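> attaching a predicted model along with its sequence, questions to come.
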Amino acid sequence: MTSALLIGAYTQKVPDVDGHADGIVSAVFDGDNVARAEVAAQLPNPSWLTASTDGSRVYSVMETTPGGGVAAFARYSAGSLTLLGTASAGGAEPDHLTLDPSERFLVVGTYSGGSISVIALHDDGALGERVAFVQHHGSGPDARRQESPHVHQVIFDDVTGDLVVVDLGLGQVLFYGFAPDGKLTLRPDATISSGAAGPRHLAFHPDGQHAFVVNELGNTVDVLRRDGDRFERAGSASTRPLNAVGESATAAVRVSPTGGTVFATNRGDDTVAVFSFDPVAGLVLVASEPSRGGAPRDLILSQDARRVIVANQDSDSVAVFGFDEDTRTLEFLSLASVPTPACLLLV
């Protein structure tokens, strides 16, 4: 069964990426290969994408500075995107965005800006007015990477409805109550401090009772366990084997539909870390698979969870692996040429 694959990419040179794509890329994923990659929409630095549940609306950041933005598209066919409009992201270098569960609001976080904006959506999916804005303040222990707030992910907790904000600069995972009108209320009692580990992204376990935070600076994955209406840290594991040498930095974290396997990408080692997870045994690194490219940025699973797709940002490639959850092994299948890929989205 073929699926449409949208790929967010960098089009400009930024401090850590030599971007040279032309915009959002559309491709076809046939289960083993990524093929027919072509530009679906020209946009500056569309490094992160999200879509409505039915795939008819697609949203992208424009990770630029000093004025970053977001863009909304209608999607009428597999490779066709029609621009509905753009809006300010409320800060520099927006790097993540998500729809709320009702799909009435778009939430965007900015990296250099250290801010969160909530934008109301019209019935056709077009961008409306900003209804909420939060500016983070402060810094973390790492003077080089945590000199100011750096919002790296915004994601909703399906159990509580809270907006979860992962701020690498502050070294914190913060929780906001999300009102029906899109207003945000910080829940300071729920904040989780990761400090110099540098939290980057979070992924929920399908049981709703656990979550995993990948720490970019510490090269670790933390296990969070729900305790009432908040989480507590229940363990941590390195994304690198004991014999790893040199510098590396994590990027993506994903969980298999069974919840028994957790994946993380390592940029530097250029590997995919494969963990087993059990609520009792915890998180255990069981494999470290070469990503077949440089700086593996994003990683997703196919709908049937039998394939893992990896965006190798610095080698202009997207790799496909077969995945066997019984053995927790990855088998390399194919490599496709895509310029500076940063985000993968099956729609």
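Noted; the coordinates are in hand.

> model confidence over stretch 112-123, on average?
In this model, stretch 112-123 has a mean pLDDT of 98.

> over to stretch 65-74?
96.

> what residues sit buried inside it?
Thr65, Gly68, Gly69, Val70, Ala71, Ala72, Phe73 (16 or more other CB atoms under 10 Å). Yep, even glycine has a C-beta here, placed from its N, CA and C like the rest.

> looking at these, which are in strands?
Counting by DSSP state E, the part of these found in strands is Gly69, Val70, Ala71, Ala72, Phe73.

> who are the contact partners of the third one?
Just to be clear, that refers to Ala71. Ala71 is in contact with Ala41, Leu43, Pro46, Tyr59, Ser60, Met62, Leu83, Gly85, Thr86, counting by CB atoms under 8 Å, 6 or more residues apart in numbering.

> just the closest of those to Pro241, please.
For the contacts of Ala71, the closest approach to Pro241 (CB to CB) belongs to Pro46, at 34.0 Å.

> that closest one and Ala21, how far apart?
Applying CB to CB, to the nearest Å, the value for Pro46 to Ala21 is 8 Å.

> now swap in Phe323 and tell me
As defined by CB to CB, Phe323 lies at a distance of 27 Å from Ala21.

> of these two, give the one with the bigger neighbour count.
Ala21 (24 against 21; other CB atoms under 10 Å).

> doesn't Pro339 make contact with that one?
Yes: here Ala21 reaches Pro339: they are 4.0 Å apart, a contact under CB atoms under 8 Å.

> quick check: neighbours shared by those two?
Jointly contacting Ala21 and Pro339 under the rule CB under 8 Å, 6+ apart are Ala9.

> re the thing from before, and the contacts of Ala71, which of them are in strands?
Ala41, Tyr59, Ser60, Met62, Leu83, Gly85, Thr86.

> just to revisit the earlier point, quick check: the farthest pair among the buried residues of stretch 65-74?
It's Thr65 and Phe73 that sit farthest apart of the buried residues of stretch 65-74, by CB to CB, at 22.6 Å.

> show me how far stretch 317-325 is from its chain's centre.
Distance of stretch 317-325 from its chain centroid, counting by CA atoms, centre = their mean, to the nearest Å, is 18 Å.

> partner strands of the lowest-mean-pLDDT helix or strand in the chain, with direction?
Lowest on mean pLDDT, DSSP states H and E among the helices and strands of the chain sits strand 13-14, with a mean of 89. Sheet pairing for strand 13-14, assigned by DSSP bridges, gives strand 17-18 (antiparallel).

> from the rest of the structure, what touches the strand it pairs with?
Against strand 17-18 from outside (CB under 8 Å, 6+ apart): Tyr10, Gln313, Asp314, Thr340, Ala342.

> how about those in JSON lines, adding neighbour count, distance to Ser26 and pLDDT?
Shown next, in JSON lines, are the contacts of strand 17-18 (neighbours: other CB atoms under 10 Å; distance: CB to CB, whole Å; pLDDT from 0 to 100):
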{"residue": "Tyr10", "neighbour count": "24", "distance to Ser26": "17", "pLDDT": "98"}
{"residue": "Gln313", "neighbour count": "29", "distance to Ser26": "18", "pLDDT": "98"}
{"residue": "Asp314", "neighbour count": "17", "distance to Ser26": "22", "pLDDT": "98"}
{"residue": "Thr340", "neighbour count": "27", "distance to Ser26": "16", "pLDDT": "98"}
{"residue": "Ala342", "neighbour count": "25", "distance to Ser26": "15", "pLDDT": "98"}
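
> quick check, nearest of these to Gly268?
So of the contacts of strand 17-18, ranked by how close each gets to Gly268 (CB to CB), first place is Asp314, at 10.4 Å.

> how about Gly19, nearest residue that isn't a chain neighbour?
Nearest non-adjacent residue to Gly19, counting by CB to CB, 6 or more residues apart in numbering: Tyr10, 2.9 Å away.

> give me the phi and psi angles of that neighbour.
Per-residue torsions, Tyr10: phi -100, psi 130 (degrees, to the nearest 10).

> check Gly109 too.
phi -110, psi 140.

> need the contact list for the nearest residue to Gln153 once chain neighbours are set aside.
Of all residues not flanking Gln153 in the chain, Val166 sits nearest, at 4.1 Å (CB to CB, 6+ apart). Contacts for Val166 (CB under 8 Å, 6+ apart) come out as Val151, His152, Gln153, Val154, Ile155, Val173, Pro199, Arg200, His201, Leu202, Val213.

> how many neighbours does the last one have?
Val213 has 25 neighbouring residues, counting by other CB under 10 Å.

> so for it, what's the pLDDT?
pLDDT, Val213: 98.

> and the helix or strand where it lies, what does it pack against?
Secondary structure from DSSP states H and E places Val213 in strand 210-215. If you count contacts as 3 or more CB pairs under 8 Å, 6 or more residues apart in numbering; DSSP states H and E, strand 210-215 packs onto strand 199-204, strand 220-227, strand 249-255.

> dump those strands to JSON lines, plus mean neighbour count and distance to Phe133.
Putting the helices and strands packed on strand 210-215 into JSON lines (neighbours: other CB atoms under 10 Å; distance: least, CB to CB, whole Å) gives the following:
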{"stretch": "strand 199-204", "mean neighbour count": "23", "distance to Phe133": "22"}
{"stretch": "strand 220-227", "mean neighbour count": "20", "distance to Phe133": "27"}
{"stretch": "strand 249-255", "mean neighbour count": "22", "distance to Phe133": "27"}
